[in-house]
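[1] This is a predicted model, with the sequence first.
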Amino acid sequence: MASEQTPATLPLSKRLFQFVCSIRFTIFLLVALAIILAVATVIESREGTGAVQMKVYRAVWFNIFLGGFTLNLLGGTYKRFRWLWIYFGFGVTHLGVLTILLGAFLTRNFGIEGQMTIPQDATREHFVGNDDKLSVTAPDGENVSLFVPIDRGSKQKDLWVSAHLPKAGLTAVMDKYWPDLEFEQAIEPGGAGENPAVEFVLTAMGSDVNGWLAAGVSGKEEIAMGPMTIRLAEASGPIPAELSASAAGPNVLVLSDLAGKESVEITATDGNSKEFTIGGKKLKVMIRQTFGNFSMDGKDFNDRPGAPENPAVAYLVEGPDGKTPDIAFANYPDFSLQHGKKQALFKARYHFKAGAHEPDNRLTLWWLDKKKLAYSVRVGGKPAGSGDVVEGKRLDLMNGRIGFTVKKLMKGTRVVQKAVNASDEARNPSIHVKLVPDAGGEGAGVWLPWGEQRELSVNGKKLTLLYRGDRYDVPFSLKLLKFKEDKYPGSMQSATYESKVKLEDKELGRNEELVISMNEPLLYRGYTFFQSSFIPGESYTTVLSVSRDPGKWPTYIGYILMTIGMLLMFYAKPFLARWDQARLKKEKAQ
C-alpha cells in the first residue's frame with residue numbers, strides 16, 4: 001500500500017497551489033494591505049494625491065499585489081466551495097469580493113476624471129483629464145510622457161522624475177514644481193558699457209521694502225513706493241535741477257506674458273484700446289478709468305483729490321475665454337483684483353511717470369560723470385536736501401519717517417528675467433524641465449506653465465514640451481447658456497451656483513436645455529458632470545468636474561453580493577441547520 005503524501009513530498013506546483021489557497025496567505029495579504037494603505041495615507045498627506053498615485057496605487061507592484069489577492073480568493077473558493085446549501089453564503093461572499101476587485105480594475109485602468117471649462121455662450125466637446133503629464137517630443141516624432149506626481153494646488157516642491165529618449169540621445173528631467181510662477185526683472189553684473197543700477201531698501205513704518213533701479217531700462221528708471229517716488233538718472237557736472245512735468249512721457253499700462261517674452265504697451269488714457277496677442281491668444285485691452293488716488297467705498301471705485309499717492313488704472317481684457325476686468329496699481333505691482341480667482345495668462349504693470357503728475361515727494365539718485373552717486377530730495381514739492389550717497393549708509397527722509405539705504409551700486413549691469421514663486425496659491429502652476437544630453441555637454445532648461453507648450457533646443461535639436469492632462473473628446477456638446485450664483489445674505493461668499501447648459505447629441509438626436517447644480521449632477525452616456533467651481537468676470541466661466549467610471553456598477557453589485565453572502569452565513573445558515581436537525585429528529589422519531 002502506497003504511503004500517503006505529506007506536504008513536504010508534494011510536487012512544487014501543488015505546494016504552491018496550497019499556499020496560494022491557504023488562510024495563512026490570506027492573513028498575510030490583509031496585514032500587508034493594511035500597512036500599504038497606512039503608508040499611502042501618509043504619502044498623500046505629505047506629498048499629495050499625484051505622488052501617492054504614482055508611488056502606490058498606479059505602481060506595477062501594487063497591481064501584482066492585487067493580482068495575488070485575486071488568486072487567493074479564486075483558489076480559496078475553488079478549494080473549499082461545495083455545491084451544498086451550507087456553502088452558499090461562503091460562495092456568494094467570495095463572489096462579491098471578486099466583483100469588487102473587478103470594479104476596481106475597471107476604474108483604475110479605464111476610468112477618467114477631469115474638468116470641462118465653459119465660458120459664457122461657448123460650446124465644449126472635450127475635457128482635460130486631472131492626471132497631468134509632461135510630454136516631450138523630438139523632431140523625428142520620438143515621444144515620452146511623464147506623469148507629474150503632484151497635484152495642481154500643492155505647495156512648492158522639488159521633484160525628480162526622468163525619462164530617456166534614446167534616439168534623440170537626451171534625458172528629460174522634471175525637477176521642480178511651483179504653484180504660482182512669475183517672472184520678474186532682476187539685475188546682475190555683466191552688462192556692456194557702464195549702465196548704472198542700484199539695489200536699495202526703503203524703510204517705512206517699521207517695515208523694509210527691497211527694490212532696484214536701472215538707468216536706461218524702460219519702466220525701471222523710476223518707482224513709486226508709498227508716499228515717495230524714487231528715480232535714477234545720469235548727469236554730467238553738479239546735481240541738475242529737477243525735470244519739469246513737460247519732460248516726462250505719458251502714463252502707460254504694460255501687459256506681458258508670464259515669461260516676460262511678449263509684451264504690449266498702451267497709453268493709460270480713459271477709453272483708449274488696443275488689440276494684441278500674448279501666448280498665442282488674440283486679446284483686446286481697453287482702459288476704463290485712470291486714478292491718481294485710488295480708493296474703494298464698498299464696490300465703488302473713487303479717485304480722491306490731492307497728490308497722486310495711489311495711482312491706478314482700471315482696464316478690461318477681452319479674449320476667447322471671455323472678459324476679465326482688473327486694476328493695476330503703480331505702487332503695488334503684484335496686487336490684482338483677480339488675485340486667487342483664476343489662473344493668470346499675463347501680468348500687468350502700471351508705469352506712472354512722475355512727470356505726468358509731478359509727485360509731491362521725490363528722491364532722485366544722480367550718477368554724476370560716471371564716477372559717483374549723489375541724491376536730491378523734494379518733499380511737498382519743495383527742495384529738501386542733497387548730497388553724496390554712501391553705500392550702506394541710511395538717508396533719513398521726511399523728518400525721519402522714511403529711511404533709504406543703497407545696498408549696492410553696480411556700474412555695468414544687465415537686466416535678466418528671474419523666475420519666482422509668488423505664492424502658495426495655484427494661480428500659475430508650473431514645472432521646471434531640463435533636457436540633459438547623454439554624451440555630456442550643456443543641456444537646457446525651461447519653466448513650463450500648466451496648459452502651455454514650449455520649444456527647447458539642445459545640440460541643434462528642437463524638442464516640443466507640453467504640460468497638461470490628456471484631452472478626452474465626448475460624443476456630444478455642452479453650451480453654457482447662463483450661470484447663476486447666489487450669495488449668503490450680507491456677504492460676498494457664494495452659497496450656491498448652477499449652470500444652465502444646452503446638451504446637443506447629433507448621434508442620438510437629443511437637443512435640450514438642462515441645469516447642473518451643486519446637488520444635481522448631469523449623468524449622460526456614462527459621463528457624470530458635477531458643478532465644481534466657476535471663474536468670475538464680466539461674464540462667468542463655469543468649471544465642471546467630469547468623471548467616467550466603468551467600474552462603478554460592478555463595485556455596487558459586489559457590495560450587494562457581500563451583504564447577501566454574510567447574511568446567509570451568519571443568519572440563514574444557523575436557521576437552516578436547526579431546521580435540518582429538527583427534520584432529522586422528526587424522521588428518526590417516526
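    All right, it came through fine.
[2] Just give me the longest strand of the protein.
    Using DSSP state E to assign secondary structure, the strand with the most residues in the chain is strand 461-487.
[3] residues of that strand that come out buried?
    461, 463, 465, 467-469, 472, 474, 476-480, 483 (16 or more other CB atoms under 10 Å). The way it works is simple: take the backbone N, C-alpha and C, and place the C-beta from them, glycine included.
[4] Dump those to JSON lines, plus pLDDT and distance to residue 420.
    Shown next, in JSON lines, are the buried residues of strand 461-487 (pLDDT from 0 to 100; distance: CB to CB, whole Å):
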{"residue": "461", "pLDDT": "87", "distance to residue 420": "30"}
{"residue": "463", "pLDDT": "92", "distance to residue 420": "26"}
{"residue": "465", "pLDDT": "94", "distance to residue 420": "21"}
{"residue": "467", "pLDDT": "92", "distance to residue 420": "19"}
{"residue": "468", "pLDDT": "88", "distance to residue 420": "23"}
{"residue": "469", "pLDDT": "86", "distance to residue 420": "26"}
{"residue": "472", "pLDDT": "92", "distance to residue 420": "34"}
{"residue": "474", "pLDDT": "94", "distance to residue 420": "38"}
{"residue": "476", "pLDDT": "95", "distance to residue 420": "43"}
{"residue": "477", "pLDDT": "95", "distance to residue 420": "40"}
{"residue": "478", "pLDDT": "96", "distance to residue 420": "38"}
{"residue": "479", "pLDDT": "95", "distance to residue 420": "39"}
{"residue": "480", "pLDDT": "95", "distance to residue 420": "35"}
{"residue": "483", "pLDDT": "93", "distance to residue 420": "34"}
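[5] what's the offset of stretch 542-553 from the middle of its chain?
    Here stretch 542-553 is found 21 Å from its chain centre; the criterion is CA atoms, centre = their mean, to the nearest Å.
[6] buried set for it?
    Within stretch 542-553, the residues that count as buried by 16+ other CB under 10 Å are 542, 543, 544, 545, 546, 547, 548, 549, 551, 552.
[7] now, which of the buried residues of strand 461-487 sits nearest residue 453?
    residue 465 (6.8 Å; CB to CB).
[8] follow-up on the earlier one: of all the buried residues of strand 461-487, which comes closest to residue 269?
    Closest to residue 269, out of all of these and judged by CB to CB, is residue 483, at 33.2 Å.
[9] related to what we said a few turns ago, can I get the buried residues of stretch 542-553 in a markdown table with secondary structure?
    Output for the buried residues of stretch 542-553, formatted as a markdown table (DSSP: H, G, I helix; E, B strand; the rest coil):
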| residue | secondary structure |
| --- | --- |
| 542 | strand |
| 543 | strand |
| 544 | strand |
| 545 | strand |
| 546 | strand |
| 547 | strand |
| 548 | strand |
| 549 | coil |
| 551 | coil |
| 552 | helix |
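[10] which among those gets closest to residue 156?
    Residue 156 lies nearest to residue 543 out of those, by CB to CB, at 24.0 Å.
[11] Wait, that closest one touches residue 119, no?
    No: at 10.5 Å, residue 543 does not count as touching residue 119 under the criterion of CB atoms under 8 Å.
[12] List of residues touching the longest helix anywhere in the chain?
    In the chain, ranked by residue count with DSSP state H as the criterion, the top helix is helix 23-47. If you take CB atoms under 8 Å, 6 or more residues apart in numbering as the criterion, helix 23-47 is touched by 19, 51-52, 55-57, 62, 65, 68-69, 72, 76, 149-150, 154, 157.
[13] mind listing what the longest strand of the chain pairs with, with the direction of each?
    Sheet pairing of strand 461-487 (DSSP bridges) gives strand 123-137 (antiparallel), strand 453-458 (antiparallel), strand 494-505 (antiparallel).
[14] Tell me which of those lies nearest to residue 215.
    Set against residue 215 and scored by CB to CB, the strands paired with strand 461-487 come closest in strand 453-458, at 32.7 Å.
[15] and that closest one, how far out from the chain's middle?
    Counting by CA atoms, centre = their mean, strand 453-458 comes out at 21 Å from the chain centroid.
[16] List the contacts of that strand.
    Residues contacting strand 453-458 (CB under 8 Å, 6+ apart): 170, 433, 435, 437, 443-446, 448, 462-466.
[17] same thing but at 10 Å, please
    135-138, 168-170, 172, 259, 279-280, 433-437, 441-448, 462-468 (CB atoms under 10 Å, 6 or more residues apart in numbering).
[18] buried sites along that strand?
    So, applying 16+ other CB under 10 Å, buried residues of strand 453-458: 456, 458.
[19] likewise stretch 180-196?
    Within stretch 180-196, judged by 16+ other CB under 10 Å, the buried ones are 180, 181, 182, 183, 186, 187, 191, 195, 196.
[20] export the helix or strand hosting the fourth one as PDB, just CAs?
    Same thing as residue 183. Using DSSP states H and E, residue 183 falls within strand 181-189. Extracted C-alpha coordinates of strand 181-189, given in PDB (Å, rounded to 0.1, in the frame of the first residue of the first chain):
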ATOM      1  CA  LEU A 181       5.200  81.000 -11.300                       C
ATOM      2  CA  GLU A 182       6.000  84.600 -12.200                       C
ATOM      3  CA  PHE A 183       8.900  86.200 -14.000                       C
ATOM      4  CA  GLU A 184      10.300  89.400 -12.700                       C
ATOM      5  CA  GLN A 185      13.100  91.600 -14.000                       C
ATOM      6  CA  ALA A 186      16.300  91.400 -12.000                       C
ATOM      7  CA  ILE A 187      19.800  92.900 -12.500                       C
ATOM      8  CA  GLU A 188      23.100  91.300 -12.500                       C
ATOM      9  CA  PRO A 189      26.700  92.400 -13.300                       C
END
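[21] Could you list every helix and strand in contact with that strand?
    strand 197-204, strand 207-214, strand 346-351, strand 402-410, strand 413-421, strand 430-437, strand 444-449 (3 or more CB pairs under 10 Å, 6 or more residues apart in numbering; DSSP states H and E).
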